[in-house]
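> Take a look and give me a structure for this.
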Amino acid sequence: MQFLPRFGPWMKSALTSLTVLTAGAVFAVETSQSRPNIVIIFCDDMGYADIGKFGAEGYATPNLDRMADDGAVFRNFHVAQPVCSASRCALLTGCYPNRLGMHLALGPKSNTGLSDHETTLAELLRQQGYATAIFGKWHLGDAPEFMPLRRGFDEYFGLTLSADYWPGHPDLIANFPTLLAAKKREYPNLPIWDGTNVFHPEMSIDDLNHLTTWYTERSVKFIEKNKSRPFFLYLAHNMPHVPLGVTDKFRGKTARGLYGDVIEEIDWSVGQILDALKRNGLDTNTWVIFTSDNGPWLSYGNHAGSAKPLREGKTTNWEGGTRVPCVMRWPGHIPAGTDTWDMLMTIDLFPTIAKLVGAKLPEHKIDGLDVWPIISRQSGAQNPHDAYWWYYEVNQLQAVTTSDGRWKLQFPHIWHSMPPQNMGHDGVPGTYVDRKIETNELYDLVHDIGETTDVSAAHPEIVKQLVAEAEKARAELGDSLTKRIGQGLREPGRRNEAK
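Model prediction:
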């Protein structure tokens, strides 16, 4: 195990550079590329309108635009829950995160994490002879038994949590009481931040500013090292989650300010990955997926992204919380220049990739389904789901959507609204306002993407259909709002000392 010399001891648990893990498993190195490489670039808190093809303003994303021109733009792509840990769980397991006991965003020293009884995408692919690596944010448990090397990854370098748990970040130093109060409002059910229960104690501002570049450099080296065998690269940027950090080569370059600078560095990162693939002869045999873990954290104002024209953002099951920008590229397999509104969710990537590489799905139940016919734009392809289920908080079923992406039924629940006049500024968050949906509300997302008008009275048959889908969800996964216990729930992993 090797560590960069500029870092302190905190690196041993937070930001680690590890060599390829060989104990307990030996895989044959393939000399021919018979199966596709998989690259997932997963941003943190990037809004729907934060890249060029989705309407970004005040900065440019030429590499993502080029990726889109060479591949496909997915304008109705969703995460399973609008918050960090739950969203990442869904991506890597193909399951609704509440099925696995994963809720909200895990705090420092959390007693739970992703169970080792679950199969991650990294484990699935490593069993097929793939080299696997994660560079960036993990956030699925910070105890040693939850770490990526225990969940199928050969290499890991990154933060186990978000950088806002770092007491040295500049906004916290100046505004600790305000930020602490905001954290408690944001996550009232989590025991995070009591003034001492913090993480990343020795990270410097310089470290924060270099995270995007460091993750990118390691990703390029991983591609070069494994160009003769199939690989899975999970590049999970900490940015643009607050606190924002950017290197000097991008600082002060955009009209949008620091947030725009950060996005332009992420775009540079995408360009570095695409160039490395082309330079190493892997361009036509690599499926690259770019997306985000949830919508923008609107309370941070000019340090947050935009979900325009969607309603609200992160921590809500309005479209602004779950619908995220998505671009995919695989020359010869995903038609170039495609722009689609077909609905997809991150849970569908696991079974789709499994099918492509010839891997068997795990014996335990997963929720995603193979959607390759939609992604590859096959004629007549339709979403195989009956509906998608929207959970948040601790197992609250808040909404259900038809899988064609048109109809969405919101159930009575309390949600955190961010009025524009309440937004924060320069890294200090604004104040949320709790609002409540009193009765079922139906939205036609094709004609009303901003979810402005409840049309339940005009479409009682659609309401009835989606209420029936909600009953399926409650029977399977439960619903704390209606005090239902699901039959398909599984336990999360438990920290050893908590047993």
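> The least confident helix or strand in the chain by mean pLDDT: what's the following helix or strand?
When the helices and strands of the chain are scored by mean pLDDT, DSSP states H and E, helix 170-186 comes last with a mean of 58. Once the chain leaves helix 170-186, the next helix or strand it forms, by DSSP states H and E, is helix 205-225.
> Give me the mean pLDDT for that following helix.
For helix 205-225, the mean pLDDT works out to 94.
> ok, now which ones touch T132?
When contacts are counted by Cβ atoms under 8 Å, 6 or more residues apart in numbering, T132 is found next to 122, 125-126, 152-155, 231-232, 234. Every C-beta, even on glycine, is put in place using the N, C-alpha and C of the backbone.
> cool, I437 as well?
Residues near I437 by Cβ under 8 Å, 6+ apart: 410-413, 415.
> Once you drop chain neighbours, what's closest to S299?
P429 (4.1 Å; Cβ to Cβ, 6 or more residues apart in numbering).
> before we move on, what about L481?
Here the residue nearest L481, using Cβ to Cβ, 6+ apart, is Q396, at 4.9 Å.
> Now do the SS call for E476.
The three-state label given to E476 by DSSP: H, G, I helix; E, B strand; the rest coil is helix.
> For K408, give me phi and psi.
phi -130, psi 130 (degrees, to the nearest 10).
> Roughly how far does the spatially most central residue of the chain sit from P492?
Centroid-nearest residue in the chain: D293, 2.1 Å away (criterion: Cα atoms, centre = their mean). Distance check for D293 against P492: by Cβ to Cβ, to the nearest Å, it reads 18 Å.
> how about the strands in the stretch 301-450 of the chain?
Secondary structure of the stretch 301-450 of the chain (DSSP state E, counting those that start in this stretch): strands at 323-329, 338-340, 344-345, 387-392, 396-402, 407-410, 414-417, 433-436, 441-444.
> Redo these as a markdown table? Include mean neighbour count and mean pLDDT.
Formatted as a markdown table, the strands of the stretch 301-450 of the chain follow (neighbours: other Cβ atoms under 10 Å; pLDDT from 0 to 100):
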| stretch | mean neighbour count | mean pLDDT |
| --- | --- | --- |
| strand 323-329 | 27 | 98 |
| strand 338-340 | 14 | 96 |
| strand 344-345 | 26 | 98 |
| strand 387-392 | 24 | 98 |
| strand 396-402 | 24 | 98 |
| strand 407-410 | 23 | 98 |
| strand 414-417 | 18 | 95 |
| strand 433-436 | 10 | 96 |
| strand 441-444 | 20 | 98 |
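> Can I get these in a markdown table including distance to E145?
Shown next, in a markdown table, are these (distance: least, Cβ to Cβ, whole Å):
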| stretch | distance to E145 |
| --- | --- |
| strand 323-329 | 30 |
| strand 338-340 | 40 |
| strand 344-345 | 29 |
| strand 387-392 | 26 |
| strand 396-402 | 28 |
| strand 407-410 | 38 |
| strand 414-417 | 32 |
| strand 433-436 | 36 |
| strand 441-444 | 42 |
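> Nearest to M203 among those would be which one?
Closest approach to M203 among these is made by strand 323-329 (26.9 Å; Cβ to Cβ).
> So which elements touch the closest one?
Identification of packing neighbours for strand 323-329 by 3 or more Cβ pairs under 8 Å, 6 or more residues apart in numbering; DSSP states H and E yields helix 62-70, strand 72-78, strand 286-292.
> want to throw these into CSV with distance to T160?
Formatted as CSV, the helices and strands packed on strand 323-329 follow (distance: least, Cβ to Cβ, whole Å):
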stretch, distance to T160
helix 62-70, 27
strand 72-78, 25
strand 286-292, 19
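> Dump these to TSV, plus mean neighbour count and mean pLDDT.
Output for these, formatted as TSV (neighbours: other Cβ under 10 Å; pLDDT from 0 to 100):
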stretch	mean neighbour count	mean pLDDT
helix 62-70	20	98
strand 72-78	23	98
strand 286-292	24	98
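> mind checking which of these is nearest T247?
helix 62-70 (16.2 Å).
> contacting residues around the closest one?
Counting by Cβ under 8 Å, 6+ apart, 51-53, 267-268, 270-271, 274, 288, 290, 327, 329, 331, 336-337 sit against helix 62-70.
> Can I get that helix in PDB? Just the C-alpha atoms.
The C-alpha coordinates for helix 62-70 follow below in PDB (Å, rounded to 0.1, in the frame of the first residue of the first chain):
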ATOM      1  CA  PRO A  62     -16.900  20.800 -25.400                       C
ATOM      2  CA  ASN A  63     -15.700  17.300 -24.500                       C
ATOM      3  CA  LEU A  64     -19.100  16.200 -23.200                       C
ATOM      4  CA  ASP A  65     -20.700  17.900 -26.300                       C
ATOM      5  CA  ARG A  66     -18.300  15.900 -28.500                       C
ATOM      6  CA  MET A  67     -19.200  12.700 -26.600                       C
ATOM      7  CA  ALA A  68     -22.800  13.400 -27.200                       C
ATOM      8  CA  ASP A  69     -22.300  14.000 -30.900                       C
ATOM      9  CA  ASP A  70     -20.500  10.600 -31.100                       C
END
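> Specify the angle between it and strand 286-292 in degrees.
On the basis of axes from the mean of the first three to the mean of the last three Cα atoms, to 10 degrees, helix 62-70 is oriented at 120 degrees to strand 286-292.
> dump the residue contacts of A131.
Per Cβ under 8 Å, 6+ apart, neighbours of A131: 20, 154, 222, 225-226, 229-232.
> Do a quick rundown of the helices in the stretch 301-450 of the chain.
Using DSSP state H, counting those that start in this stretch, the helices of the stretch 301-450 of the chain run over 319-322, 349-357, 372-375.
> Same list (the ones you listed) but as TSV, adding mean neighbour count and mean pLDDT.
Formatted as TSV, the helices of the stretch 301-450 of the chain follow (neighbours: other Cβ under 10 Å; pLDDT from 0 to 100):
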stretch	mean neighbour count	mean pLDDT
helix 319-322	28	98
helix 349-357	21	98
helix 372-375	19	98
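> Tabulate those (a markdown table), appending distance to A90.
Formatted as a markdown table, the helices of the stretch 301-450 of the chain follow (distance: least, Cβ to Cβ, whole Å):
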| stretch | distance to A90 |
| --- | --- |
| helix 319-322 | 11 |
| helix 349-357 | 9 |
| helix 372-375 | 17 |
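> for the ones you listed, which one sits closest to P108?
Closest of the helices of the stretch 301-450 of the chain to P108 is helix 319-322, at 24.0 Å (criterion: Cβ to Cβ).
> What are the contacting residues of that closest one?
47-48, 78-82, 294-296, 298, 307, 310-315, 390, 408, 445, 449-451.
> Stretch 425-445: end-to-end distance?
By Cα to Cα, to the nearest Å, the extent of stretch 425-445 from end to end equals 31 Å.
> Give me the distance from that stretch to the chain's centre.
Taking Cα atoms, centre = their mean, to the nearest Å, one finds the center of stretch 425-445 at 20 Å from the center of the full chain.
> again with stretch 61-76
Centroid separation between stretch 61-76 and its chain, computed with Cα atoms, centre = their mean, is 18 Å.
> tell me, how many neighbours does P420 end up with?
Under the neighbour criterion other Cβ atoms under 10 Å, P420 is assigned a count of 8.
> how near is it to H459?
Counting by Cβ to Cβ, the gap from P420 to H459 is 30 Å.
> tell me the contacts of Y48?
54, 295-296, 306-308, 310, 319-320, 323-325.
> between these, which is nearest L114?
Relative to L114, the closest of the contacts of Y48 is V324; by Cβ to Cβ it sits at 21.0 Å.
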